[in-house]
Structures are given as C-alpha cells and as structure tokens.
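[1] sequence first, then the predicted structure, then my questions.
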Amino acid sequence: MADVTIEQLADDMFELVSNAAGQKKLKAGDLTKAMKEKYGDVPRADTKAAIKSLIDSGRCVYGYFGGSSIELPRVEGSANQ
C-alpha cells in the first residue's frame with residue numbers, strides 16, 4: 001500500500017475535478033483509477049473515504065445528468081461572491 005493519506009487523496013481528486021470542470025464529467029470510478037495510477041495499490045475503502053470527504057466538505061457535489069458524476073458546486077448567477 002502506498003503511504004498516502006485520505007486528505008492527500010481528496011486534495012488530488014479535487015484537483016482532477018477542478019481541471020476537468022466544464023470539459024468532462026468525472027465519475028467516482030475515474031477518480032479511483034486516477035489515484036491507483038498515481039499511487040499504485042490504493043485501497044478502495046480509502047478512495048471511497050476521500051470522495052466522501054470531498055462531498056461532505058462541500059468542495060464537490062454529485063451530479064446526475066446522464067449518470068452520476070462528481071463535480072464542482074455551481075454558483076448561481078445572482079449569488080454574491
């Protein structure tokens with residue numbers, strides 16, 4: 001097992017989702033595969049925990065257009081920034 005923390009996995013997944021925003025909708029499986037390619041043998045439970053961390057923190061949300069995906073939260077046009 002690679003020595004990588006859940007937080008590091010979540011940060012790397014967030015970077016992937018941020019870079020793909022507006023171009024490609026990433027599924028949980030895409031993120032898991034990317035982490036396995038980057039870190040080698042990462043337990044599935046760790047990748048699931050990292051995804052749960054992203055969703056629970058509000059950094060990412062689930063989208064359901066043509067299948068479930070993990071996306072950045074959308075900002076409404078009238079929202080104050």
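    Right, received. Where do you want to start? Residues are numbered from 1 along each chain as shown.
[2] so which bits of whichever strand or helix holds residue 7 are buried?
    Element membership for residue 7, per DSSP states H and E: helix 6-20. Neighbour counts over helix 6-20 (16 or more other C-beta atoms under 10 Å) mark 6, 9, 10, 12, 13, 14, 16, 17, 20 as buried. Every residue, glycine included, has its C-beta placed from N, CA and C.
[3] mind checking how far residue 76 is from residue 42?
    As defined by C-beta to C-beta, to the nearest Å, residue 76 lies at a distance of 35 Å from residue 42.
[4] need the pLDDT of the most centrally placed residue in the chain.
    Centroid check for the chain by C-alpha atoms, centre = their mean gives residue 13 as the closest residue, at 4.2 Å. For residue 13, the pLDDT comes out at 96.
[5] what's the answer for residue 29, then?
    At residue 29, pLDDT is 95.
[6] ditto for residue 2
    Confidence for residue 2, expressed as pLDDT, is 58.
[7] can you name the next helix or strand after the helix holding residue 7?
    helix 28-39.
[8] how far off centre is that next one?
    10 Å (C-alpha atoms, centre = their mean, to the nearest Å).
[9] related to what we said a few turns ago, neighbouring contacts of the helix holding residue 7?
    26, 31, 34-35, 38-39, 42, 46-47, 49-51, 53-54, 57, 59-60, 70-72 (C-beta atoms under 8 Å, 6 or more residues apart in numbering).
[10] that helix to helix 28-39, inter-axis angle?
    Counting by axes from the mean of the first three to the mean of the last three C-alpha atoms, to 10 degrees, helix 6-20 points 110 degrees away from the direction of helix 28-39.
[11] using CSV, list the CA coordinates for helix 6-20.
    The C-alpha trace of helix 6-20 is given here as CSV (Å, rounded to 0.1, in the frame of the first residue of the first chain):
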residue,chain,number,x,y,z
ILE,A,6,-7.2,10.3,2.9
GLU,A,7,-6.7,14.0,2.8
GLN,A,8,-4.0,13.8,0.2
LEU,A,9,-6.2,11.6,-2.0
ALA,A,10,-9.1,14.1,-1.5
ASP,A,11,-6.8,17.0,-2.5
ASP,A,12,-5.6,15.2,-5.6
MET,A,13,-9.2,14.2,-6.6
PHE,A,14,-10.3,17.8,-6.1
GLU,A,15,-7.5,19.0,-8.4
LEU,A,16,-8.6,16.5,-11.1
VAL,A,17,-12.2,17.6,-10.8
SER,A,18,-11.2,21.2,-10.9
ASN,A,19,-9.1,20.7,-14.0
ALA,A,20,-11.9,18.8,-15.8
